[in-house]
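Trainee: Mind looking at a prediction? Sequence and model below.
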Amino acid sequence: MDSAELIGKVAALYIRQQLDQHGGGEDGDGTARFILDCLSADQTAASARAVLDDPELAKKVEIKLPAHFMEGHALPQSVLTNRRATFFRNAPCEKSVLLIANVGDDEQQSLKELVPIGAPELLSHPETWVSIASDGLPLTEEHRKWWAKAISGLRDLRMLSLERLSEYILLTRASVLEEGHPIMLALGVALPALHMPRNSSYFNSLNDRTRNHASRWKSLYEAADKKFACYLHKLTPTQMVLSESDLETTFERVKESIPDTIHEIVRAFIKAPNGWNPEAAALAECEWEWIAPLFDGFKREKFDFRKATLDFYDEREPELLSPDERNYLEQLVKRKATGAYTDEDLEFFNNHRNELKEDRKLKSAWDKFVFGTPLETEDFLSGIVLCCERLFSKERPAISRKLKIRCDRATKKDLRELNISAGLYFARRYRGLRALFGRRVSWDVGPLFEFSDLVEGWLATGKKLNDSSARAALQLKFVLELEVEFEGGGSQKYSTQMLWKFNPNTVATEFVEDLGRLVEHPLVRSTAHREPLSSKGHFQSVDLWDVKTFVPAYGKDRGSFIGVYKRVNDIAITWEKNLKVAQE
């Protein structure tokens, strides 16, 4: 069983469970309509095969998948179609269940009423994965429960693709089945599937009670990713690059502490480029306690990138630096190491970033200095652009790139803590970005773009809405991750942070209400009046960043430009009347 086959079996079991529990959300003609949402071609084909191989589901489910997308997967002609998925949204179906696939971003909005089967839905049922993966394994019910809790904790980190998680589960299964490891050891043995070093005893710190808490598993996986996985990419936990010379020096010093049988693997890793590649994968298969001395042995002086930058340019052509820039570097060396970067620092970095790339270690230090703190912005779109500038400045020539945008508030509970005006503004202002960016950008933001639906649900259940003006309630933190595949093989992941802030004192607070009224009546006369005196009695001008410079009027709050609808202000009615007069 490979990764796609496991995902297909999980999807088929998910359909069966939905039909047993809810009837699948049947529509008016009695047909439950499911849609494989943004799965790869291999995963979609495997899901179709799993349904066809299940005698009970095969009788109930009619499958219609795009023929061009399934080309080369040897599926029966009866399950292929040349029609778009939107055709089957309300099309008659002879069976009680219809299964289609969404493979185009232009159709996603039109298919929202179908029951989706995508990564979020499949990942939300870890027990389903365990049910399939544990088939034929000598595991007790308690062991299966621990395995499901481990998957839940890993899922909650929101850092893995569906494919990588399935590979981890399969490697765990193989460790139990072929090597006879208990499930707790097997989960550590399988860590290389997550691009983490193998550590058989890593989860032994959990006792019988804590093994039943997903949060404890999450903490351990998070620690493994931050403290150990980075070394396989030749990075320290602080994202400083480990150079080949540093690793060679350290290896020569500590090689007596590393088993002789893996010396060649270590040497190949040292010679290999940075990032995830076959050499890093081979090193990951070695027990962490065997290779830890290679990284624990880094007892070097703290890297002073300020002085290293001066030395870097001393060895190169003098004309690379102007007299002012050389003076700037000399002053930079004298500054406190803990000082925050300035506009002058950023200007120098932008002007010389291509030159600094010649020394990856030095470039990495500058990246951390300039980009170490989250980028703060009140415009999410411009924030994405600036974050992409950070990310693309770090990478080497690549053959493919994938961008993932993750929000730290991705659950309904988290979003309850967001200011209601901030949430509604963000969802209305930016929800079109997902369709605009297409499939090369993946989003892990939960129901953030459906915030208005959450508000309706809270109101229906009588829950109080959050109107707090505290700083935490007016901001959202995002992590942008760029995963690249290099021309020479291997991959690397770069990340940066963005802090989006909502200012409740600007006219943006009325954007949602104004736009809602415009949607209903697009052609209306609108006026806004200036508040001539400030709260201190001074004359003031109109300021879009301050709603207090506007006068509230009947049917309009401060900062609103579109009032409550009145026929007398409807330009469409006036235009029609005047058109009739002109005709007469």
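Mentor: Looks like it came in fine.
Trainee: contacts and neighbour counts: CA atoms only from here.
Mentor: OK.
Trainee: For the stretch 201-350 of the chain, give me the ranges with low pLDDT.
Mentor: 297-303, 336-341 (pLDDT under 70).
Trainee: hey, where'd the helices end up in it?
Mentor: 214-224, 230-232, 244-254, 263-271, 278-284, 288-296, 305-314, 323-334, 343-356 (DSSP state H, counting those that start in this stretch).
Trainee: got a list of contacts for the shortest one?
Mentor: Taking contacts as Cα atoms under 8 Å, 6 or more residues apart in numbering, the residues outside helix 230-232 that touch it are 195-197, 236-237, 239, 275-276, 280-281, 283-284, 295.
Trainee: about what we covered before: any idea which of the helices of the stretch 201-350 of the chain gets closest to Asp156?
Mentor: Comparing the helices of the stretch 201-350 of the chain against Asp156 with Cα to Cα, the closest turns out to be helix 214-224 (6.8 Å).
Trainee: what pairs with the residue lying closest to Ile117 once chain neighbours are set aside across the strands?
Mentor: By the measure of Cα to Cα, 6 or more residues apart in numbering, the closest residue to Ile117 outside its immediate chain neighbours is Leu36, 4.8 Å from it. With DSSP bridges as the criterion, Leu36 is bridged to Ala101, Ile117.
Trainee: Which pLDDT value belongs to Leu36?
Mentor: As predicted, Leu36 sits at a pLDDT of 91.
Trainee: Please apply the same query to Gln17.
Mentor: 90.
Trainee: going forward, begin numbering at 194 instead of 1
Mentor: Sounds good: first residue 194 from here, last item Gln210.
Trainee: How many residues are close by it?
Mentor: 14 (other Cα atoms under 10 Å).
Trainee: Can you show me the strands along the stretch 594-743 of the chain?
Mentor: For the stretch 594-743 of the chain, applying DSSP state E, counting those that start in this stretch gives strands covering 634-637, 668-679, 684-694.
Trainee: so can I have TSV of these showing distance to Ile362, mean neighbour count and mean pLDDT?
Mentor: Shown next, in TSV, are the strands of the stretch 594-743 of the chain (distance: least, Cα to Cα, whole Å; neighbours: other Cα atoms under 10 Å; pLDDT from 0 to 100):
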stretch	distance to Ile362	mean neighbour count	mean pLDDT
strand 634-637	22	16	88
strand 668-679	22	20	87
strand 684-694	22	19	86
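Trainee: Any chance of those in CSV with distance to Ala367 as columns?
Mentor: Listed next are those as CSV, based on distance: least, Cα to Cα, whole Å:
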stretch, distance to Ala367
strand 634-637, 30
strand 668-679, 28
strand 684-694, 25
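Trainee: Pro269: which of the ones you listed is closest?
Mentor: Closest among the strands of the stretch 594-743 of the chain, using Cα to Cα: strand 634-637, at 31.0 Å.
Trainee: Does anything pack onto the closest one? Which helices or strands?
Mentor: When contacts are defined as 3 or more Cα pairs under 8 Å, 6 or more residues apart in numbering; DSSP states H and E, strand 634-637 packs onto strand 591-600.
Trainee: List the pairing partners of the strand it packs on within its sheet, with orientation.
Mentor: With DSSP bridges as the test, strand 591-600 pairs up with strand 634-637 (parallel), strand 668-679 (antiparallel).
Trainee: so it versus strand 684-694, what angle?
Mentor: For strand 591-600 against strand 684-694, the angle by axes from the mean of the first three to the mean of the last three Cα atoms, to 10 degrees is 30 degrees.
Trainee: Stretch 403-410 spans what distance, first to last residue?
Mentor: 8 Å (Cα to Cα, to the nearest Å).
Trainee: And for it, what's in contact with it?
Mentor: By Cα under 8 Å, 6+ apart, stretch 403-410 touches Lys338, Trp339, Lys342, Ala343, Ser345, Gly346, Leu347, Leu399.
Trainee: filter these to the buried ones?
Mentor: Neighbour counting with 16 or more other Cα atoms under 10 Å marks Lys338, Trp339, Lys342, Ala343, Ser345, Gly346, Leu347 as buried within these.
Trainee: Filter those residues down to just the ones in helices.
Mentor: Secondary structure assignment by DSSP state H places Lys338, Trp339, Lys342, Ala343, Ser345, Gly346, Leu347 of the buried ones among the contacts of stretch 403-410 in helices.
Trainee: Which positions in stretch 434-454 come out as buried?
Mentor: For stretch 434-454, by 16+ other Cα under 10 Å, it's Val434, Leu435, Ser436, Glu437, Leu440, Thr443, Phe444, Val447, Lys448, Ile451.
Trainee: hang on, the earlier thing: to Arg528, which of the strands paired with strand 591-600 lies closest?
Mentor: Ranked by Cα to Cα, the member of these that lies closest to Arg528 is strand 668-679, at 29.9 Å.
Trainee: hang on, Asn467 packs against His426?
Mentor: Yes: using Cα atoms under 8 Å, Asn467 makes contact with His426 at a distance of 5.6 Å.
Trainee: list residues touching both of these two?
Mentor: Common neighbours of Asn467 and His426 (criterion: Cα under 8 Å, 6+ apart): Gln685.
Trainee: before we move on, the earlier item: can you add distance to Val717 and give the strands paired with strand 591-600 back as TSV?
Mentor: Converted to TSV, the strands paired with strand 591-600 look like this (distance: least, Cα to Cα, whole Å):
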stretch	distance to Val717
strand 634-637	37
strand 668-679	33
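Trainee: Of those, which is nearest Phe262?
Mentor: strand 634-637 (19.8 Å).
Trainee: now for the longest helix along the chain, which elements pack on it?
Mentor: Counting residues, the longest helix found in the chain (DSSP H) is helix 196-215. If contacts are counted by 3+ Cα pairs under 8 Å, 6+ apart, helix 196-215 sits against helix 234-246, helix 312-316, helix 319-326, helix 355-372.
Trainee: in the second one, what counts as buried?
Mentor: Neighbour counts over helix 312-316 (16+ other Cα under 10 Å) mark Ala312, Leu315, Leu316 as buried.
Trainee: now, which of those sits nearest Leu737?
Mentor: Closest to Leu737, out of all of these and judged by Cα to Cα, is Ala312, at 41.5 Å.
Trainee: quick one: contacts for the closest one?
Mentor: Going by Cα under 8 Å, 6+ apart, the list of residues near Ala312 reads Asp230, Leu232, Leu355.
Trainee: The second one: neighbouring residues, count only.
Mentor: I take that to be Leu232. 20.
Trainee: again with the first one
Mentor: Other residues near Asp230 come to 22 when the count uses other Cα under 10 Å.
Trainee: now do Asn397
Mentor: Asn397, neighbours per other Cα under 10 Å, totals 11.
Trainee: Need the nearest residue in space to it, chain neighbours excluded.
Mentor: Per Cα to Cα, 6+ apart, closest to Asn397 is Met377, 7.1 Å.
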